[in-house]
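Colleague: what shape does this take:
(one chain, ligands or ions: 2)
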Amino acid sequence: MKLIIDETRCKGCNLCTTVCPYSIFTEGKKLNERGIVVPVLDRPQRCTNCRLRNLYNRQLCGVCQLICPDQAISWVEETEGLTEKVVIEY
Ligand code: SF4
Ligand code: SF4
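Modeller: Ligands and ions are numbered 1, 2, ... in the order given. Okay, here's the model as predicted:
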């Protein structure tokens, strides 16, 4: 699974940057074509939800998705063969 932010929905409120226990969301710096500064994902493969949800067959954290007022955060299936090696951080 891969975490994505839908730039057409995000309003740049940065609520997601405050709740993620892994600091995967960081404040963006550039305005997009809608004049919104969308957060940047810092190594989203560190997300427990991405890494382990298939194994447990359920959502594990998902706090970012729950708090997003615009339903801009979701996960998509990754193309086979693109998985990256993950170093677990404590
Ligand atoms: S919480 Fe949702 S709308 Fe707000 S910055 Fe994050 S992705 Fe965008
Ligand atoms: S699901 Fe949890 S760990 Fe993953 S990006 Fe969202 S808040 Fe962070």
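Colleague: residues near K2, how many?
Modeller: 17 (other C-beta atoms under 10 Å). C-beta coordinates here come from the backbone N, C-alpha and C atoms, glycine included.
Colleague: quick one: pLDDT of the residue lying closest to it once chain neighbours are set aside?
Modeller: Counting by C-beta to C-beta, 6 or more residues apart in numbering, K2 lies nearest to E78, which is 4.7 Å off, once chain neighbours are set aside. E78 is assigned 79 on the pLDDT scale.
Colleague: and for the one 5 residues further on?
Modeller: For T83, the model assigns a pLDDT of 57.
Colleague: and Q71, how far from E27?
Modeller: Counting by C-beta to C-beta, to the nearest Å, the gap from Q71 to E27 is 20 Å.
Colleague: is the lowest-mean-pLDDT helix or strand in the chain positioned near ligand 2?
Modeller: In the chain, no helix or strand scores lower on mean pLDDT, DSSP states H and E than helix 48-56, which sits at a mean of 90. Yes - on the criterion C-beta under 6 Å from any ligand atom, helix 48-56 is in touch with ligand 2 at T48, N49.
Colleague: what sits up against that helix?
Modeller: The contact list for helix 48-56, computed with C-beta atoms under 8 Å, 6 or more residues apart in numbering, reads M1, K2, L3, Y22, P44, Q45, Q59, L60, C61, G62, W75, V86.
Colleague: which one of the residues you listed is nearest ligand 1?
Modeller: Distance to ligand 1 across the contacts of helix 48-56 (C-beta to the nearest ligand atom) is lowest for L3, with 10.3 Å.
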